[in-house]
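1. Need a 3D model of the sequence below.
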Amino acid sequence: MRKKLGGHAWFTLGALLTAWALLFGSTWWLVKHAESFKRLAGCGSDTMAPLVDRWAASFLEGKEATAIGYRGGGSQHGLGTYLYQEIDFFASSRELSAQERGIAKARGFEPVVFVVAWDGLAIVVHPSSPVESLTLDHVRRLFAGDMANWKAAGGHDEPVQCFARDKDSGTETFFAQRVLQGDAYAPATRHLATNVAIVEAVARTVGGIGFVGLEHAREARGAVKIVALAGHESEGSVLPAADTILSGAYPLARPLRLYTRGQPEGLLGDFVRFCRSEDGQRIAAEAGYLPEAALESF
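-> Residues are numbered from 1 along each chain as shown. As a prediction, this is how the structure comes out:
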């Protein structure tokens, strides 16, 4: 049986394990034979949750007594679980810091990372906005509060309302490092927990601006407008798309990663290989993400 709970697909066969899955708070595919089943547990990036859902569903086809669960909520939130609890894999839209790698080693394991897809961070505005393109400096000044009115960026004479991800998000970390570069957010910035929450907030707020993963922006096209970006004033602005992201023309491209606790073996190794396989990368492309062009075997 398949259910939709909290925006994710649940595949469940057996009330016994359903209760346990709900306690874990994640998306679980439970397939045949409730007893003696093999399972993997993952956590991390909200941006990657729809992709991990699809990979897991496809990987488990034809496999009995096997389950994969994934809990989103943000890369930073998932990082704590990865470092301090027994979790099989951690999905992240940002790279681990040297300090975080040091914590992992102190706890007895070596983080192993696999780039599994690429994504673009999309800047979205209210659909009524006449603004079609911005530079990264424009975006920085808007979110830092240096541009408090859209008129300064070629828009209507109306106040800017910024929506950003919360501090548990790898997307927020990437944006702060790549765009803000040390500047603080404008005091009126609203920090929200998910990509979906940001899309919904921008869609209902005239003068709104936010940043979300590309697939979330595409799904909301019409409710929000995706703005073309230029790295500098001297460069042409481009929309986030497969060609502009993989070529490096789009300035907010980022790799998406799976981290394991040491070299993955057994069921986990099979799952990671599947994600990076031709079939796994086809699923990534169909889901609106960009395939990793140079995959390495292990």
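2. Let me see the ranges of the helices in the protein.
-> With helices called from DSSP state H, the chain shows them at 15-24, 49-59, 75-84, 98-106, 136-144, 170-175, 195-203, 214-219, 242-247, 266-276, 278-286.
3. highest average neighbour count across those helices?
-> Neighbour counts (mean count of other CB atoms under 10 Å) averaged over each of the helices of the chain peak at helix 170-175, with a mean of 24. For glycine as for every other residue, the C-beta is placed from the backbone atoms N, C-alpha and C.
4. For that helix, give me every contacting residue.
-> Around helix 170-175, the neighbours that count as contacts under CB atoms under 8 Å, 6 or more residues apart in numbering are 44-47, 74-76, 92-94, 121, 164-166, 191, 195, 211-213, 252, 254.
5. same thing with stretch 213-228?
-> Against stretch 213-228 from outside (CB under 8 Å, 6+ apart): 47, 50, 93, 119-127, 129, 131-134, 171, 195-196, 199, 202-203, 210, 237-240, 245, 287-289.
6. Could you rerun that using 6 Å?
-> Around stretch 213-228, the neighbours that count as contacts under CB atoms under 6 Å, 6 or more residues apart in numbering are 47, 119-120, 122-125, 127, 133-134, 195, 199, 202-203, 237-240, 288.
7. re the thing from before, mean pLDDT added to the helices of the chain, as a markdown table?
-> Listed next are those as a markdown table, based on pLDDT from 0 to 100:
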| stretch | mean pLDDT |
| --- | --- |
| helix 15-24 | 42 |
| helix 49-59 | 94 |
| helix 75-84 | 88 |
| helix 98-106 | 95 |
| helix 136-144 | 97 |
| helix 170-175 | 91 |
| helix 195-203 | 96 |
| helix 214-219 | 88 |
| helix 242-247 | 86 |
| helix 266-276 | 97 |
| helix 278-286 | 93 |
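8. Dump these to JSON lines, plus distance to L40.
-> Below are the helices of the chain laid out as JSON lines (distance: least, CB to CB, whole Å):
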{"stretch": "helix 15-24", "distance to L40": "12"}
{"stretch": "helix 49-59", "distance to L40": "8"}
{"stretch": "helix 75-84", "distance to L40": "13"}
{"stretch": "helix 98-106", "distance to L40": "19"}
{"stretch": "helix 136-144", "distance to L40": "37"}
{"stretch": "helix 170-175", "distance to L40": "21"}
{"stretch": "helix 195-203", "distance to L40": "24"}
{"stretch": "helix 214-219", "distance to L40": "23"}
{"stretch": "helix 242-247", "distance to L40": "29"}
{"stretch": "helix 266-276", "distance to L40": "6"}
{"stretch": "helix 278-286", "distance to L40": "15"}
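9. Relative to A186, which of those helices is closest?
-> Across these, A186 has its closest neighbour in helix 136-144 (6.0 Å, CB to CB).
10. Using CSV, write down the CA coordinates of that closest one.
-> C-alpha atoms of helix 136-144 as CSV (Å, rounded to 0.1, in the frame of the first residue of the first chain):
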residue,chain,number,x,y,z
LEU,A,136,24.9,38.2,-7.5
ASP,A,137,25.7,41.6,-6.0
HIS,A,138,22.1,42.7,-6.4
VAL,A,139,21.0,39.5,-4.6
ARG,A,140,23.5,40.1,-1.8
ARG,A,141,22.3,43.7,-1.3
LEU,A,142,18.7,42.7,-1.3
PHE,A,143,19.1,40.0,1.3
ALA,A,144,21.5,42.2,3.4
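11. Show me what it is in contact with.
-> 123, 147, 153, 160, 162, 179-180, 183, 185, 231, 251.
12. Y70: which of those residues is nearest?
-> Nearest member of these to Y70, counting by CB to CB, is I123, at 27.1 Å.
13. what bridges to the closest one?
-> Counting by DSSP bridges, I123 is bridged to F211.
14. That one: neighbour count?
-> 29 (other CB atoms under 10 Å).
15. Which residue lies nearest the spatial centre of this structure?
-> T47 (1.9 Å; CA atoms, centre = their mean).
16. How about the contacts made by that residue?
-> Taking CB under 6 Å, 6+ apart as the test, what T47 contacts is 93, 171, 213.
17. which among those residues gets closest to Q99?
-> Once CB to CB is applied, the member of the contacts of T47 that ends up nearest Q99 is S93, at 18.3 Å.
18. phi, psi of the closest one?
-> Phi and psi for S93, reported as degrees, to the nearest 10, are phi -100, psi 10.
19. Would you mind measuring from it to G170?
-> 4 Å (CB to CB, to the nearest Å).
20. joint contacts of these two?
-> Shared contacts of S93 and G170 (CB under 6 Å, 6+ apart): 45, 75.
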